[in-house]
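Student: Mind looking at a prediction? Sequence and model below.
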Amino acid sequence: MKKMGLFGGSFDPIHSGHLAMAQRFMQRLELDGVLLMPTCVPPHKIRERMAAASHRLAMCRLAVGECDGLTVSDMELTREGASFTVETLEELHRRYPDTEWYLFTGADMFCTLRTWYRFEDIARLAVLCTIPREGTDTAQLLAYAEALTADGIRCYVDPQPVQPISSTEIRRRVTAGEPLDGLVPAAVAQYIELHGLYREDGAMDTRTKDQQFTQIIRARLGDYRYHHSLCVAEEARRLAERYGADPQKAYTAGLLHDIMKDTAPKTQLQILSDFGILLDEVEQQSKTLWHARSGAVFLRHILGVTDEDILQAVRYHTTGRAGMSLLEKVLFVADFTSADRDYEDVDVIRCLADEALDSAIQYGIDYTIRDLLEQGRPIHPNTLAAYNDIVLSEQNGGQTNEQ
């Protein structure tokens with residue numbers, strides 16, 4: 001069997017740290033070579049505007065020109081769409097059945113591997129490898145690797161850090177007109193200069209970001225849940241426009257609210273544990289509540305969503321809570337009234353939603369509580385608090401969050 005490394009990433013741009021990592025693993029693991037593979041759309045994080053795929057591919061090819069054993073593949077770029085590692089590994093196994101694969105990840109991504117799409121299959125298809133960067137807790141990586149090994153997963157952690165170089169810093173330097181000496185191979189620096197890459201620090205617009213989110217949920221959700229998420233996004237935008245919330249934020253929250261809904265319960269629990277989230281007693285007994293908590297964690301720590309309004313809306317879209325923000329209310333109601341919903345009383349709550357959000361929330365919570373009581377299931381304290389908050393607000397003369 002041949003032994004090959006797979007090193008995927010946006011490589012925007014590829015830098016000397018990437019090359020040092022690839023060469024270190026090739027030496028330590030006695031690999032026959034390393035395949036560098038630029039991604040089309042990163043599936044585990046939202047990237048601001050990237051250089052064109054053709055530029056990133058060209059820079060990778062220039063970078064490995066004088067590095068023995070390193071080659072570049074355009075497999076994920078020609079496949080287009082979100083670049084899922086498991087699909088790449090499956091294709092590599094089909095093409096090269098006599099090869100054992102070693103998957104390289106950065107230290108930050110290694111500790112989130114269990115959140116990756118079809119992680120169990122990834123672990124079956126490759127040995128998982130990482131290396132600390134300066135400032136990274138090597139002990140944390142080793143502990144995580146030990147936990148993976150205990151589950152029968154093959155992994156390797158090189159204890160020696162690599163150069164502390166980041167593509168983000170390189171892009172900043174180019175924008176600021178600062179030199180790239182020692183950070184990228186000379187040929188890559190010349191290519192960046194020749195093509196005028198990274199000279200403008202333009203942030204990706206929200207519609208482009210939502211396109212990335214849509215591709216990500218399409219791969220993580222089944223057909224039913226994916227369609228539901230699109231319907232909730234549209235309904236959330238409509239309600240936001242009616243009640244004065246941010247329509248774009250509402251649409252994004254609707255897209256993402258069920259991102260972990262079709263993820264295995266064991267994986268959801270692992271994600272929560274990895275980031276120090278403890279379920280309360282009711283949540284422990286109610287698996288249907290887990291996806292809201294794990295979803296908010298996944299968005300914050302894996303996809304890099306930083307908007308607290310969106311994160312809180314996702315976090316509380318199943319239970320509600322006292323003192324919900326306007327965006328939280330919009331998403332809560334949109335989840336009840338989206339076009340795909342066909343349960344009994346849905347038309348009633350849709351009519352209420354067009355009259356007043358709080359009335360729709362009260363009716364929706366009442367409907368939920370009755371359903372839980374009939375099934376003999378526990379009611380989360382946040383749901384009761386949300387109901388009381390709405391009722392007391394009405395008794396005190398106003399739905400203040402909608403005015």
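Tutor: In hand now; what should we look at? Residues are numbered from 1 along each chain as shown.

Student: Output the below-cut-off pLDDT ranges for the stretch 101-250 of the chain.
Tutor: For the stretch 101-250 of the chain, applying pLDDT under 70 flags the ranges 134-136, 201-208.

Student: residue boundaries of the helices in it?
Tutor: 107-110, 119-125, 138-150, 167-176, 186-195, 206-220, 223-243, 247-256 (DSSP state H, counting those that start in this stretch).

Student: I'd like to know which of these is closest to Leu35.
Tutor: helix 119-125 (14.0 Å; Cβ to Cβ). Bear in mind the C-beta positions are built from the backbone N, C-alpha and C, glycine included.

Student: residues in contact with the closest one?
Tutor: Residues outside helix 119-125 that contact it (Cβ atoms under 8 Å, 6 or more residues apart in numbering): 85-86, 89-90, 93, 101, 103, 113, 116, 128, 148, 153-154, 267.

Student: if we go to 7 Å?
Tutor: Residues from elsewhere that reach helix 119-125 (Cβ atoms under 7 Å, 6 or more residues apart in numbering): 85-86, 89-90, 93, 101, 113, 116, 153, 267.

Student: Which of these fall in strands?
Tutor: Mapping the contacts of helix 119-125 onto strands (DSSP state E) picks out Trp101.

Student: By neighbours, which of the contacts of helix 119-125 wins?
Tutor: Neighbour counts for these (other Cβ atoms under 10 Å) peak at Thr85, which has 25 neighbours.

Student: I'd like the contacts of helix 119-125 as TSV, with distance to Ile216 appended.
Tutor: Shown next, in TSV, are these (distance: Cβ to Cβ, whole Å):
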residue	distance to Ile216
Thr85	13
Val86	14
Leu89	19
Glu90	19
His93	24
Trp101	24
Leu113	17
Trp116	12
Ile153	24
Thr267	16
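
Student: Which of the contacts of helix 119-125 sits closest to Ala219?
Tutor: Of the contacts of helix 119-125, the one sitting nearest to Ala219 (Cβ to Cβ) turns out to be Val86, at 9.9 Å.

Student: For Gln284, see how far away the residue nearest to that closest one when sequence neighbours are not counted is.
Tutor: Closest residue to Val86 apart from its sequence neighbours, by Cβ to Cβ, 6 or more residues apart in numbering: Arg118 at 4.3 Å. Distance of Arg118 to Gln284, computed by Cβ to Cβ, to the nearest Å: 26 Å.

Student: These two: who's more crowded?
Tutor: Arg118 (17 against 13).
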